[in-house]
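Peer 1: have a look; sequence and predicted model below, questions after that.
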Amino acid sequence: MPHGASLHPKNNLFSGLSKYLKREKEDGLVSFETVTIAYILITSVMIAVEWGSLNNPLRMLMVRGIVLAAIALMNGVYRLYPCRAIILLRTAWLFAMLIYWYPETYEFCSHFDYKDHIFAAIDYRVFGCQPSLVFDQILSSTFWYELFNLGYTSYYYLMISMVVFYFLARYEKFRWATFVFLASFFMFYLVFEFLPVAGPQYYYCANGVEMGMTDHFPEMHDYFRTHTEILPLEVRGPFSKMVLAAQVAGEHPTAAFPSSHVGMTTVTLILAWKTRCRKFFWILLPFAIVLFFATVYVKAHYAVDSVAGILFGSLFFCITSAVYRCFVEKKRVVSPV
């Protein structure tokens, strides 16, 4: 061992942390901030156009103003002390804002006619039944019930683990990964804002589970604008309790087609594969497979929604990656302080 070297864990910890506090400077907005601003501008125009149909358009605009001000503030903090730790803070709070942007899709789409009758009919034509209604009857034991609820809740942890992995182990690709991730999310949200589909848990709550076994699927028009009742979820263990908590906290009759759960998990898997750490990818894959089936099992989506989620997720990954290469990567300049 060289003279003066130390294997003391405390010294190794500080050595590891130092690279995240080391000063380095990147001028201008970070790519994931740019895509958030783009989404804010697009939806602000939508708010102006749909002003009379929205419940509280002024509040929606005020939130956007606060977010823009916070982005400017975080940029100011970064200029005072530019380092990776501040970049992580700039990322984390924008990712947390997805929790706000999601229920907003309901504000935009709920005054249109809902299309659940179309997707329920597709499921019936393809499968001869409603998979979202019979799946949990076929695999009805508590083991399967909790397993699929675990898969459904793993959605959040899959995405967080991917972002953290890029930050800690693939920082040179961190901005690309976060841009692709956020831009894909916003593309899903834009689809949801113009394509109102509530999902089986709302559609069959309104029409009765028995109706799902027939070949008649009534149109709901704007019914879900004033009715947000949902099929009750039976709690059998900790994971179904977590799904119920998520439903109570932020579920709305929106965002069923295509499934963003499946779509963003698809994006997450592609990004995990791109890390070239195969062990990381194979760890995520089993949870992603269970999640795919769980979206139908817990009645959040029609089967066609989940299949479409894979296709849309793959498409959005390709589009956002191409946008980053053409318009972001070539302009990025990093210089040491």
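Peer 2: Yep, it's here. Residues are numbered from 1 along each chain as shown.

Peer 1: pull out the buried positions in stretch 63-75.
Peer 2: 63-64, 67-68, 71, 74 (16 or more other CB atoms under 10 Å). Placement of C-beta: from N, CA and C, glycine included.

Peer 1: contacts for that stretch, please.
Peer 2: 29, 33, 36-37, 40, 43-44, 86, 89-90, 93-94, 97, 100 (CB atoms under 8 Å, 6 or more residues apart in numbering).

Peer 1: all the strands of the stretch 1-150 of the chain, residue numbers only.
Peer 2: With DSSP state E, counting those that start in this stretch as the criterion, the stretch 1-150 of the chain has strands at 24-26.

Peer 1: residues near the spatially closest residue to Ile289 that is not a sequence neighbour, how many?
Peer 2: Spatial nearest neighbour of Ile289, excluding adjacent residues (CB to CB, 6 or more residues apart in numbering): Gly151 at 8.0 Å. By other CB atoms under 10 Å, 26 other residues sit near Gly151.

Peer 1: and the one 5 residues further on, by the same measure?
Peer 2: Residues near Tyr156, counting by other CB under 10 Å, number 13.

Peer 1: what separation is there between it and Met264?
Peer 2: Note on Tyr156: its distance to Met264, by CB to CB, to the nearest Å, is 10 Å.

Peer 1: next: Pro232.
Peer 2: Pro232 is 27 Å from Met264, by CB to CB.

Peer 1: swap in Tyr20?
Peer 2: Taking CB to CB as the measure, Tyr20 and Met264 are separated by 26 Å.

Peer 1: repeat that for Lys25.
Peer 2: From Lys25 to Met264 the distance is 32 Å (CB to CB).

Peer 1: what do you get for Met162?
Peer 2: Counting by CB to CB - Met162 and Met264 are separated by 10 Å.

Peer 1: at which residues are the helices of the stretch 51-200 of the chain located?
Peer 2: Using DSSP state H, counting those that start in this stretch, the helices of the stretch 51-200 of the chain run over 57-80, 84-96, 98-109, 116-127, 131-138, 142-169, 174-194, 200-207.

Peer 1: for the ones you listed, which one sits closest to Ile319?
Peer 2: Among those, helix 174-194 comes nearest to Ile319, with 7.3 Å by CB to CB.

Peer 1: in the stretch 101-250 of the chain, where is pLDDT below threshold?
Peer 2: Scanning the stretch 101-250 of the chain for pLDDT under 70 picks out nothing.

Peer 1: ok, now which ones touch Ala38?
Peer 2: Counting by CB under 8 Å, 6+ apart, Ala38 has contacts Phe186.

Peer 1: distance check, the nearest residue to Phe32 once chain neighbours are set aside against Glu33.
Peer 2: The shortest distance from Phe32 to any non-neighbouring residue, by CB to CB, 6+ apart, is to Thr178 (4.4 Å). For Thr178, the distance to Glu33 equals 10 Å [CB to CB].

Peer 1: looking at those two, which is more packed in?
Peer 2: Legend: neighbour count by other CB under 10 Å for Thr178 and Glu33, higher for Thr178 (25 against 22).

Peer 1: hmm, that one is touching Val163, no?
Peer 2: Yes. Applying CB atoms under 8 Å, one finds Thr178 in contact with Val163, separated by 6.6 Å.

Peer 1: can you list residues touching both of the two?
Peer 2: By CB under 8 Å, 6+ apart, Thr178 and Val163 have these common neighbours: 91, 95.

Peer 1: stretch 209-216: end-to-end distance?
Peer 2: 12 Å (CA to CA, to the nearest Å).

Peer 1: can you list contacts of it?
Peer 2: Stretch 209-216 is contacted from outside by 120-121, 124, 129-130, 132-133, 200, 204, 217-218, 231, using CB under 8 Å, 6+ apart.

Peer 1: OK, contacts around Leu190?
Peer 2: Counting by CB under 8 Å, 6+ apart, Leu190 touches 39, 42.

Peer 1: do the one 5 residues further on as well
Peer 2: Under the criterion of CB under 8 Å, 6+ apart, the neighbours of Leu195 are 109, 115, 257.

Peer 1: secondary structure class of the last one, three-state.
Peer 2: Right, Phe257. Per DSSP: H, G, I helix; E, B strand; the rest coil, the local secondary structure of Phe257 is coil.

Peer 1: the nearest residue in space to it that is not next to it in sequence and Thr214, how far apart?
Peer 2: Using CB to CB, 6+ apart and skipping residues adjacent in sequence, the residue nearest Phe257 is Val197, 4.3 Å away. Look at Val197 and Thr214: by CB to CB, they are 20 Å apart.

Peer 1: and what of Ile40?
Peer 2: Taking CB to CB as the measure, Ile40 falls 44 Å from Thr214.

Peer 1: okay, the two: which has more neighbours?
Peer 2: Legend: neighbour count by other CB under 10 Å for Ile40 and Thr214, higher for Ile40 (19 against 11).

Peer 1: can you tell me the closest non-neighbouring residue to that one?
Peer 2: Once flanking residues are discounted, Ile40 sits nearest to Arg64: 4.8 Å by CB to CB, 6+ apart.

Peer 1: quick one, what contacts Pro131?
Peer 2: By CB under 8 Å, 6+ apart, Pro131 lies in contact with 123, 296, 302-303.
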